[in-house]
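Asks: Below is the structure, and that's it, no one-letter string:
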């Protein structure tokens with residue numbers, strides 16, 4: 001087994017705090033690699049290194065090898081041969097992906113040379129850093145699209161899970177729907193500098209404690225009011241907490257934590 005390595009993701013989350021969800025693990029903690037992790041590879045088919053980008057988005061064509069892309073297993077126990085990949089813009093995490101295409105918004109990005117990095121990751125989001133693939137792009141828009149810089153919403157931010165209902169039995173793919181108030185969900189700002197009152201939300205299973213500000217149990221992150229979740233990797237007959245928590249543009253949970261949770265049963 002290869003030696004453990006620090007995570008690129010930790011570089012983007014250097015402000016972890018014990019106020020989020022109880023005691024956290026040290027930031028320098030190194031995560032263990034699952035069997036076969038060294039064989040998890042990614043490559044970028046397009047755009048080419050050094051490509052000139054003029055539009056508001058960059059679409060990457062990504063190839064993976066040595067593992068099955070399984071976003072439905074994210075936040076679940078590690079399984080050899082499964083995982084997904086993370087996409088970073090200038091070393092800042094944008095989102096996780098499991099398809100052959102990833103789209104990055106260039107809103108708020110200054111014209112010039114920027115680095116896009118794709119890195120394979122285990123179900124618990126541990127990154128196989130030494131197998132990352134990076135390329136440079138020359139962002140040269142005719143009219144750069146700025147980020148929205150309006151005033152933060154008035155009042156206290158809140159999030160509430162409205163579906164499924166507490167105690168409901170779920171099976172296979174199911175939707176987690178939330179209501180968010182006094183907080184703007186902003187897709188284009190994921191991985192960009194923080195804007196007060198803006199961000200997205202994470203869905204975790206059972207806990208939001210632990211390394212990477214609890215992201216080891218994160219099923220995914222959403223800037224919409226619905227997240228497509230799955231019971232894949234969960235034992236039939238088991239019960240689990242669904243935790244929806246608000247996060248800023250850089251994926252740090254708001255402080256103090258603003259979250260809602262409920263228990264569901266797996267069919």
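Replies: On my side now, so go ahead. In this text, all values refer to a predicted model and were calculated from it rather than measured experimentally.

Asks: beta partners of the closest residue to residue 51 other than its chain neighbours?
Replies: Excluding its sequence neighbours, the residue lying closest to residue 51 (CB to CB, 6 or more residues apart in numbering) is residue 137, at 5.5 Å. The way it works is simple: take the backbone N, C-alpha and C, and place the C-beta from them, glycine included. Beta-bridge pairing for residue 137 (DSSP bridges): residue 51, residue 114.

Asks: Can you give me the neighbour number for residue 137?
Replies: For residue 137, the neighbour count with other CB atoms under 10 Å is 23.

Asks: so it makes contact with residue 58?
Replies: Yes - with contacts counted by CB atoms under 8 Å, residue 137 reaches residue 58, the gap being 6.4 Å.

Asks: overlap in contacts of the two?
Replies: Common contacts of residue 137 and residue 58 (CB atoms under 8 Å, 6 or more residues apart in numbering): 47, 116.

Asks: phi, psi of the most centrally placed residue in the chain?
Replies: With distances taken as CA atoms, centre = their mean, the residue of the chain nearest its centroid is residue 95 (4.3 Å). The phi/psi pair for residue 95 (degrees, to the nearest 10) reads phi -170, psi 180.

Asks: re earlier: got a list of what the residue nearest to residue 51 touches?
Replies: 47, 50-53, 58, 113-116.

Asks: And for residue 232?
Replies: Neighbouring residues of residue 232 by CB under 8 Å, 6+ apart: 70, 72-73, 76, 172.

Asks: most surrounded residue in those residues?
Replies: Going by other CB under 10 Å, residue 73 tops these with 23 neighbours.

Asks: now the strands: where do they sit in the stretch 101-250 of the chain?
Replies: 101-105, 112-121, 133-139, 158-163, 169-170, 173-181, 184-185, 198-205, 218-222, 226-230, 239-247 (DSSP state E, counting those that start in this stretch).

Asks: where does the stretch 51-200 of the chain dip in pLDDT?
Replies: 148-150 (pLDDT under 70).

Asks: ok so, going back, make CSV out of the strands of the stretch 101-250 of the chain and add distance to residue 43.
Replies: Formatted as CSV, these follow (distance: least, CB to CB, whole Å):
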stretch, distance to residue 43
strand 101-105, 13
strand 112-121, 8
strand 133-139, 5
strand 158-163, 37
strand 169-170, 36
strand 173-181, 29
strand 184-185, 32
strand 198-205, 28
strand 218-222, 23
strand 226-230, 27
strand 239-247, 29
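
Asks: tell me the contacts of residue 65?
Replies: Contacts here follow CB under 8 Å, 6+ apart; on that basis residue 65 touches 39-43.

Asks: What of residue 95?
Replies: So residue 95 contacts 86-87, 102, 190-191, 221 (CB under 8 Å, 6+ apart).

Asks: ok, which pair from the residues you listed is furthest apart?
Replies: The distance between the two most remote of those (CB to CB) is 13.8 Å, for 102 and 221.

Asks: distance of the residue nearest to residue 51 from residue 165?
Replies: According to CB to CB, to the nearest Å, residue 137 stands 45 Å off from residue 165.

Asks: How is the chain partitioned into domains?
Replies: Each domain of the chain is listed here as a residue range: 8-139, 158-266, per automatic domain parsing.

Asks: can I get these in JSON lines with distance to residue 145?
Replies: Shown next, in JSON lines, are the domains of the chain (distance: least, CB to CB, whole Å):
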{"stretch": "domain 8-139", "distance to residue 145": "5"}
{"stretch": "domain 158-266", "distance to residue 145": "8"}
